[in-house]
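# Below are the sequence and a predicted model for it; my questions follow.
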Amino acid sequence: GRLINEDCTGSNTTGSITFIPRMGVETLYEGYMSVVNYIYSPKGYYERILNFVKFYRPAKKRPFRTADLSAFLRSVIYLGILNKGQAQLFYWKAVLQAIFFKHEYLSEIIEHAVFAHHFQKQAELINGRSDIGWIRGKDLTFEN
């Protein structure tokens with residue numbers, strides 16, 4: 001079959017695959033990288049966060065907790081001050097829009113901003129791979 005059983009982690013952040021692709025491995029990897037870079041770009045991700053809160057209607061309002069304030073302050077420090085570049089700009093845009101227009105959803109926006117940071121770091125790790133060593137040296141010919 002087309003399944004590869006050796007050295008498979010099941011992680012979608014390693015760039016490994018568990019099957020023999022029908023297309024060229026380089027084409028598959030380049031397409032995967034294109035999707036990862038697109039969906040985890042700061043601009044696109046934060047646009048989706050803001051779009052989410054436009055339509056989000058929680059079934060029950062969650063009471064404020066001190067952990068919410070702690071999470072907010074940590075996000076301001078790490079994402080709003082220490083994190084430089086495009087992600088920092090979009091973080092502040094989302095937070096300010098939440099404060100002025102959607103303050104009831106500030107905690108959700110902060111939560112998703114933290115998710116965005118995590119996914120952007122994972123995309124950077126994937127992009128840092130300089131080879132496709134996970135596939136080189138294997139016989140990946142496919143016969144119908």
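Received the coordinates, thanks.
# Identify the residue nearest the residue nearest the centre of the chain in space, chain neighbours excluded?
Nearest residue to the geometric centre of the chain (C-alpha atoms, centre = their mean): F119, 2.6 Å. Spatially, and ignoring its direct neighbours in sequence, F119 is nearest to Y40 (4.7 Å; C-beta to C-beta, 6 or more residues apart in numbering). C-beta: built from backbone N, CA, C; applies to glycine.
# who are the neighbours in contact with that neighbour?
By C-beta atoms under 8 Å, 6 or more residues apart in numbering, the residues touching Y40 are A116, F119, Q120, Q122, A123.
# Which members of these come out as buried by neighbour count?
For the contacts of Y40, a burial check counting by 16 or more other C-beta atoms under 10 Å picks out A116, Q120, A123.
# Pick out whichever of these sits closest to V25.
A123 (19.9 Å; C-beta to C-beta).
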